[in-house]
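Asks: Here you go, sequence then predicted model.
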Amino acid sequence: DTVIVLFTRDLRVRDHPALTAACARGGHVVPLFVLDPRVPAGCRAGFLTDCLADLRASLRARGGDLLVRHGDTVAETMRLAAAVGASEVYASADVSALARGRERRLAGERIGLRLFPGLTIVPPGELLPSGGGDHYRVFTPYWRAWAGHPRRPVLPAPARVPLPPGLEPGLEPGLEPGDLPRHAPHPALRGGESAARARLERWRREGLDGYADGHDDLAGDRTSRLSPYLRFGCLSPLEAASVAPVEHPFVRQLCWRDFFHQVTLAFPAIGRRDYRPRPRRWRDDADAVSAWKAGMTGIPIVDAGMRQLLAEGWMHNRARMIVADYLVNHLGVDWRVGAAHFFDLLLDGDVADNGGNWQWIAGTGNSPRPGRVLNPLRQARRFDPVSGYIHRYVPELAGLAPAEAREPWRIGGVRGYPVPLTALE
Ligand code: FAD
């Protein structure tokens with residue numbers, strides 16, 4: 001009796017409810033990952049390759065393997081099911097429109113489908129507002145319910161992943177393990193569960209204590225940088241949350257991630273359509289958008305953020321807020337243009353978190369922010385007081401005193417660095 005465990009963005013062996021359940025059944029388990037052209041990895045391809053290599057090594061160390069296939073996920077799963085005589089597919093339940101389409105199609109096939117939690121701390125849809133409705137629209141009441149909700153225990157990795165007897169991959173036609181994609185590693189960060197665990201451990205020891213006071217300090221760079229690992233499920237969010245008490249601000253940030261996932265379950269178009277329509281005339285300004293993307297707006301704090309994104313595939317949360325607000329509220333450009341660019345370049349680029357945060361900035365999201373506009377100069381003074389962040393990412397300004405680096409036009413500008421796209425006070 002054989003079960004296929006279909007891995008998607010849960011690329012780990014520890015705290016993986018679907019894998020644990022499959023291994024506990026007493027039958028056999030065939031772990032599968034499908035590189036599906038409908039889910040292009042883009043800039044995340046190198047990171048994903050690391051994740052798959054690490055997962056395969058962990059599964060092999062437990063007597064299993066990771067079969068890798070290219071093509072349509074449902075078709076490849078069914079092809080493998082026929083080859084190994086599998087009766088069921090186990091997978092982690094997901095919320096995006098694409099993932100749910102895949103789940104629906106699998107459910108329509110002649111095979112049993114069981115979905116498990118694991119992509120969030122509290123499963124989306126499990127908490128519902130007492131006043132009715134299919135999801136929480138506002139964060140604070142969600143946070144209160146979430147913080148008091150019982151959590152399942154963190155699961156250890158299964159000791160053994162039992163492959164079907166005689167069907168060791170590579171011996172039977174159709175059961176080759178399959179090549180991993182060949183992509184160079186992302187220049188800034190190694191993927192995989194081993195790297196994720198090492199980072200979580202270091203974060204628990206060295207980062208957590210300074211988080212409450214330091215998480216908004218741009219130059220201090222004191223956040224966990226766990227987001228790419230959470231994005232690919234190299235780390236279970238439940239385990240990440242277990243390193244601190246529930247009222248710790250780090251755990252509250254993880255709750256934002258759950259919050260946007262439960263919004264996405266109810267509103268799968270979160271990355272495309274206004275959640276709360278707000279009529280607005282967007283400006284079409286290709287030159288301004290190019291300058292924004294290149295980190296050449298002439299506003300140093302905005303350019304520092306955009307250049308961090310280009311260099312590292314990641315950006316500090318405070319900088320994300322500043323650059324997103326600048327695009328939407330100062331340049332008047334549609335939030336979807338910014339969201340698409342972020343999605344292309346972020347290692348943690350994710351439909352729910354990216355769409356939810358951009359909509360929040362644009363004022364089309366769940367929490368209304370009527371007329372709230374960030375002043376990037378004030379933000380820079382407050383969150384980058386000695387311009388360490390600007391100095392690090394905008395080398396043209398590296399030699400300037402802090403106040404001059406933040407507002408170089410006050411000293412008549414700097415050669416090679418653009419004049420500001422918009423006037424700011
Ligand atoms: P930490 O501060 O250490 O927080 C721990 C974890 O909490 C993060 O890894 C993340 O999983 C979660 N988290 C923190 N803040 C948020 C938030 N505002 N919303 C949802 N989850 C949060 N995050 C993504 O993971 N993917 C995205 O595509 C994404 N796009 C964003 C777009 C914009 C315009 C903005 C303003 C924010 C976006 N964020 C996104 C949220 C946030 O910026 C990142 O999660 C955070 O910067 C990741 O760094 P960290 O792991 O060091 O975070």
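Replies: Yep, that arrived. Numbering: from 1, shown residues only.
Asks: May I have the predicted confidence score for A41?
Replies: Note on A41: pLDDT of 89.
Asks: Grab the nearest non-local neighbour of it.
Replies: Counting by C-beta to C-beta, 6 or more residues apart in numbering, the nearest residue to A41 once its immediate chain neighbours are dropped is L48, at 4.8 Å. Placement of C-beta: from N, CA and C, glycine included.
Asks: so that neighbour makes contact with V39?
Replies: No: counting by C-beta atoms under 8 Å, L48 stays clear of V39, with 9.7 Å between them.
Asks: Pick out whichever of these two has more residues nearby.
Replies: Of the pair L48 and V39, L48 is the one with more neighbours under other C-beta atoms under 10 Å, namely 24 against 17.
Asks: now that one, what's its secondary structure?
Replies: helix (DSSP: H, G, I helix; E, B strand; the rest coil).
Asks: Wait, a strand at V89?
Replies: Yes: secondary structure of V89 (three-state DSSP): part of a strand.
Asks: And for it, the neighbour number?
Replies: The burial count for V89: 27, using other C-beta under 10 Å.
Asks: Quick check, it in contact with G112.
Replies: Yes: V89 lies in contact with G112 (C-beta under 8 Å); the separation is 7.1 Å.
Asks: Please list all residues in contact with V373.
Replies: By C-beta atoms under 8 Å, 6 or more residues apart in numbering, the contact list for V373 reads 325, 329-330.
Asks: The residue nearest to A41 and P150, how far apart?
Replies: 33 Å (C-beta to C-beta, to the nearest Å).
Asks: what does Q262 give?
Replies: For Q262, the distance to P150 - C-beta to C-beta - is 17 Å.
Asks: Of these two, which one has the most company?
Replies: Taking other C-beta under 10 Å, Q262 and P150 do not tie; Q262 has more neighbours (24 against 5).
Asks: Chain neighbours aside, what residue packs nearest to the more buried one?
Replies: Closest residue in space to Q262, ignoring its immediate chain neighbours: P124 at 4.0 Å, by C-beta to C-beta, 6+ apart.
Asks: Checking the one you found next. Helix, strand or coil?
Replies: coil.
Asks: Which residues are in contact with it?
Replies: Contacts for P124 (C-beta under 8 Å, 6+ apart) come out as 93, 95, 135, 258, 261-262, 264-265.
Asks: try 7 Å this time
Replies: With contacts defined as C-beta atoms under 7 Å, 6 or more residues apart in numbering, the neighbours of P124 are 95, 261-262, 265.
Asks: Could you do R137 as well?
Replies: N366.
Asks: separation between it and G365?
Replies: From R137 across to G365, the span is 9 Å (C-beta to C-beta).
Asks: Buried ones among the contacts of P124?
Replies: Buried residues within those, counting neighbours by 16 or more other C-beta atoms under 10 Å: 95, 261-262, 265.
Asks: Could you work out the most separated pair of those?
Replies: V95 and Q262 (7.8 Å; C-beta to C-beta).
Asks: closest to P156 among the buried ones among the contacts of P124?
Replies: Nearest to P156 among these, with distances taken as C-beta to C-beta, is H261, at 24.6 Å.
Asks: quick one: contacts for the closest one?
Replies: 95, 120, 124, 352.
Asks: and what of L48?
Replies: 41, 191, 232.
Asks: Model confidence for it, exactly?
Replies: 97.
Asks: where does this protein dip in pLDDT?
Replies: Along the chain, the parts satisfying pLDDT under 70 run over 167-174, 368-371.
Asks: Return the residues of it in contact with the ligand.
Replies: The chain comes close to the ligand at residues 215, 223-227, 230-231, 250, 253-254, 256-257, 260, 317, 320-321, 324, 342, 346, 348-350, 353-354, 357-358, 361, as judged by C-beta under 6 Å from any ligand atom.
Asks: out of these, which are buried?
Replies: Buried members of the residues of the chain next to the ligand, scored by 16+ other C-beta under 10 Å, are 215, 223-227, 230-231, 250, 253-254, 256-257, 260, 320-321, 324, 342, 346, 348-350, 353-354, 357-358, 361.
Asks: wait, isn't G332 in contact with R283?
Replies: Yes: taking contacts as C-beta atoms under 7 Å, G332 lies within contact range of R283: 4.0 Å.
Asks: So which of these two has more stuff around it?
Replies: Neighbour count, other C-beta under 10 Å: between G332 and R283, G332 has more, with 15 against 11.
Asks: sec struct for that one, please.
Replies: Assigned with three-state DSSP, G332 falls in the coil class.
Asks: From the buried ones among the residues of the chain next to the ligand, which land in helices?
Replies: 227, 230-231, 250, 253-254, 256-257, 260, 320-321, 324, 342, 353-354, 357-358, 361 (DSSP state H).
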